[in-house]
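>>> Return a 3D structure for these sequence lines:
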Amino acid sequence: MLLYCRLSFLVVAIVHGSSVVRAHVKLQALDKIRRHNARIEADVAKQDAPERDLQNSAYSTISGFACFRNLQGMTEAMNDLEQQYPNLVTINDIGDSYLKEQGDSNGHDIFAMKITAPSSNDQAGKGIALFTAGVHSREYAPPELLMRFATNLLEQYDADPDITWILQQNEVHIIFYVNPDGRIIAEENQFSDWRKNVNPGDDNCLVYGVDINRNFDFAWGDTSGASSNPCAEDYFGTSPASEPETDALSEYAKSVFPESQRKANPEEMKDVPLGEDILGVYMDIHAYGGYTYYPWGHVNEMCPDDESQQALGRKVSSFNSYLLWAGGQPDFLYPASGDTSDYAYGVLGVASLGLEIGSDFYEPCSSFESTVLPDNLPALMYVTKVAKKPFSLGKGPDILSLVVSESTTGEIVVSATASDSQLVNIEGYSAFQTGDQIVTKVELYLDVHPYDYTGTGTMWLMQPTTAFDSQDVSVELTISTERFTVGRHTLFAQATDSDDYAGPVSAVFFNVEKTTTSSPTNEPINASTPSPTLFPVSTSPTPLPVAAIVTPSPVTNEPSTSPITASLTNNPSQSPVIYLTPSPVVSSSEAPSSEISESPSVYASTASPAVFTAAPLPSLVPSTDPTTESLFPTTAGSASEKSVVANSPSSSNGIAPSMFLSIVLIAFNFVVLG
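Just a heads-up that it's a prediction; the model follows:
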């Protein structure tokens, strides 16, 4: 069992004869206890560590760099995150450092953190994003950047809508230090420029060790991008993956990414594209220079999936304004053979990227906090967003904004902007072909992620303020919340372009709350001529087009005595609304109306409007409890009439209980009493 030493105390069970005592014991006191013939039964248990601020100020830092936790502080922070978020975080010991493998007590374990949340629908498998740092010892900032990223994901889960779905739909794996032995040297001997691991070899080098980022088993040994000299800073080692640090990372990566995507002979098949359906993305963080890099790195040539890789690299650089370092780019500085990036793409078969952050190996805290951190956290978030299908999603249009506001009539207005070009056409580079397409639609989903949508549930087509005729579009939709359940809901938006590429998903929360009105009516609404419905979702093979979105009066058997209105205040404490087994959506049996009622507001496109009559809409939360509030109450005359809204009970045949009793009494009087 692994010992986590967060503090200087352990909770142990001290066994002496037949007596057992549990106590908080200082680490240095354990040997004294053993010398008194007492046995320590639980010195491998995690000690009771009080909850503390997870910001780096609560942990030990590198001397002179208060913004960077040192190796000990980072390890403590990692363990504290696991303790504070046990349902989201798993920590794994994935291998040993060189010194640990040699049996040296100064050696280290190499840890990987996995962050993910429970998901309601995981049929196709979650997306996978693997981030690494600390490959080169002297680069102070990368591990801290990843720890800030991890902490933000965990602290904002269930409060930030994008982070919430990202963790529900993806696994985020982080290795903060690939090379912990070298990191200790770099921290304790500042400005020593220590880069490699600590394998001394047999060459009596002053600068000994192997460059881990030249030791991976792809293009290994190519001296145009690495050195065979053991004393050189980019020494590639005695053989591919000769170092335990390299082996730990490569084996862990193989365990998380799909084996089916790997090529049988990676170097012989290096010119064969992976295709656009691959799952997973890898990113390695280094310092410094201000570059986003992607394959190929060992040679100044484009990889066979350059269009997909470049689109993704450009979009990452749209957040941090970094230059592109890749084969075929004007800012390709020099080749690097046997590195992590080419290995991930060439051998593992996943999208692969890297960052050279900041302006110094020893980044000043002022610039890290003001520039490096805010510029790169959104870039990491974007990479995680597309982890499900990075080569496809990266080519699609992006949702640049998604806003929910409340109208004067109590409805909600959802506004969004989508662009196929803005993130990919970055400054300093020519326009790119994946950004030339017209945005053709923006879909909006209620409480079901687009990845999980199978035709049941609620989805709308948002309407453009002008038309779908350019790479950039603004869209809007007005929605009545009268038939929504009380509580928090999530809206997911996804745009598609004229090449049929769907882009990354964005989300927003909104709350629905009940308000009480005076003098509710007891008369059922006449549903013989139903009003147009806002929810024209059909399960037919060819859904009807939506050219006009109408906000109707609700059609129900029994009117609600407690109408529901929308509140746009975030409610982070409430879990997202997820429906595990939604009832199928019933398509309308009536043809679309050719006229629009005067009372509803209409948002029409330039095409001929299509207005939909009220379709029977079953509840998405099956229930036999007549007091249960359903998401969509059953309309009059539908096949199923058990669901009611806002605690308005009704009998199974649609007749109010009081009316039903009156009918029975009248019939009794007529038959029995004459």
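>>> I'd say residue 281 and residue 352 touch.
Yes - assessed by Cβ atoms under 8 Å, residue 281 is found in contact with residue 352 at 7.3 Å. (Each C-beta comes from the backbone N, C-alpha and C, glycine too.)
>>> which strand in the chain runs the most residues?
Assignment by DSSP state E gives strand 487-497 as the longest strand of the chain.
>>> Identify the neighbouring strands of the next helix or strand after that strand in the sheet and state each direction.
Downstream of strand 487-497, the first helix or strand assigned by DSSP states H and E is strand 506-514. Partners of strand 506-514 in the sheet, by DSSP bridges, are strand 487-497 (antiparallel), strand 564-567 (antiparallel).
>>> mean pLDDT for those: which is lowest?
Mean pLDDT is lowest for strand 564-567 out of those, coming in at a mean of 39.
>>> tell me which strands and helices the helix or strand hosting residue 283 is in contact with?
Element membership for residue 283 (DSSP H and E) is strand 281-286. Strand 281-286 sits against strand 127-132, helix 141-156, helix 340-343, strand 351-356, helix 373-385, with contacts defined as 3 or more Cβ pairs under 8 Å, 6 or more residues apart in numbering; DSSP states H and E.
>>> any chance of the strands paired with strand 506-514 in a markdown table, with mean neighbour count and distance to residue 479 too?
Rendered in a markdown table, the data for the strands paired with strand 506-514 read as follows (neighbours: other Cβ atoms under 10 Å; distance: least, Cβ to Cβ, whole Å):
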| stretch | mean neighbour count | distance to residue 479 |
| --- | --- | --- |
| strand 487-497 | 23 | 9 |
| strand 564-567 | 20 | 8 |
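>>> JSON lines for those, including distance to residue 422?
Listed next are these as JSON lines, based on distance: least, Cβ to Cβ, whole Å:
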{"stretch": "strand 487-497", "distance to residue 422": "12"}
{"stretch": "strand 564-567", "distance to residue 422": "30"}
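>>> Among the ones you listed, which comes closest to residue 472?
Between residue 472 and those, the shortest gap by Cβ to Cβ is with strand 487-497, which sits at 10.4 Å.
>>> returning to that earlier point: so for the helix or strand just after the strand holding residue 283, mean pLDDT?
Using DSSP H and E, the next helix or strand after strand 281-286 towards the C-terminus is strand 291-293. For strand 291-293, mean pLDDT rounds to 98.
>>> Tell me the neighbouring strands of strand 291-293, and mark each as parallel or antiparallel.
Partner strands and pairing direction for strand 291-293 (DSSP bridges) are strand 323-325 (parallel), strand 351-356 (antiparallel).
>>> angle of the longest one against helix 141-156?
Spelled out, it's strand 351-356. Relative orientation of strand 351-356 and helix 141-156, computed by axes from the mean of the first three to the mean of the last three Cα atoms, to 10 degrees: 120 degrees.
>>> can you list contacts of strand 351-356?
For strand 351-356, the surrounding residues in contact (Cβ atoms under 8 Å, 6 or more residues apart in numbering) are 278, 280-295, 308-309, 312-313, 316, 320, 322, 325, 340-342, 344-345, 376, 379, 383, 390-391, 394.
>>> For the stretch 301-450 of the chain, which segments count as strands?
Under the criterion DSSP state E, counting those that start in this stretch, strands of the stretch 301-450 of the chain are mapped to 323-325, 351-356, 398-406, 412-419, 439-446.
>>> Repeat that for the stretch 51-200 of the chain.
Counting by DSSP E, counting those that start in this stretch, the stretch 51-200 of the chain has these strands, from start to end: 61-62, 65-69, 89-96, 109-115, 127-132, 170-175.
>>> could I get those strands as CSV with distance to residue 449 and mean neighbour count?
Listed next are these as CSV, based on distance: least, Cβ to Cβ, whole Å; neighbours: other Cβ atoms under 10 Å:
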stretch, distance to residue 449, mean neighbour count
strand 61-62, 39, 20
strand 65-69, 34, 20
strand 89-96, 22, 18
strand 109-115, 18, 21
strand 127-132, 12, 25
strand 170-175, 11, 24
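>>> For those, please prepare JSON lines with the additional fields distance to residue 194.
Output for the strands of the stretch 51-200 of the chain, formatted as JSON lines (distance: least, Cβ to Cβ, whole Å):
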{"stretch": "strand 61-62", "distance to residue 194": "13"}
{"stretch": "strand 65-69", "distance to residue 194": "15"}
{"stretch": "strand 89-96", "distance to residue 194": "19"}
{"stretch": "strand 109-115", "distance to residue 194": "18"}
{"stretch": "strand 127-132", "distance to residue 194": "18"}
{"stretch": "strand 170-175", "distance to residue 194": "19"}
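>>> Nearest to residue 424 among those would be which one?
strand 127-132 (19.9 Å).
>>> With just CA atoms, put the closest one into CSV.
Output of strand 127-132 as CSV, limited to C-alpha atoms (Å, rounded to 0.1, in the frame of the first residue of the first chain):
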residue,chain,number,x,y,z
GLY,A,127,-13.0,11.5,-24.4
ILE,A,128,-9.5,11.2,-23.0
ALA,A,129,-7.0,14.1,-22.5
LEU,A,130,-3.6,13.4,-21.1
PHE,A,131,-1.4,16.3,-20.0
THR,A,132,2.2,16.1,-18.9
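>>> and the gap between residue 281 and residue 226?
25 Å (Cβ to Cβ, to the nearest Å).
>>> picking up where we left off before, with respect to burial, which of the strands paired with strand 291-293 scores highest?
Stretch with highest mean neighbour count among the strands paired with strand 291-293: strand 351-356 (a mean of 28; mean count of other Cβ atoms under 10 Å).
>>> just the angle between it and strand 127-132, please?
On the basis of the same axes, to 10 degrees, strand 351-356 is oriented at 30 degrees to strand 127-132.
>>> Keeping just the C-alphas, turn strand 351-356 into CSV.
C-alpha atoms of strand 351-356 as CSV (Å, rounded to 0.1, in the frame of the first residue of the first chain):
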residue,chain,number,x,y,z
ALA,A,351,-4.0,14.1,-31.6
SER,A,352,-0.9,15.5,-30.2
LEU,A,353,0.2,19.0,-29.1
GLY,A,354,2.7,20.8,-27.0
LEU,A,355,3.3,24.2,-25.5
GLU,A,356,6.4,26.2,-24.8
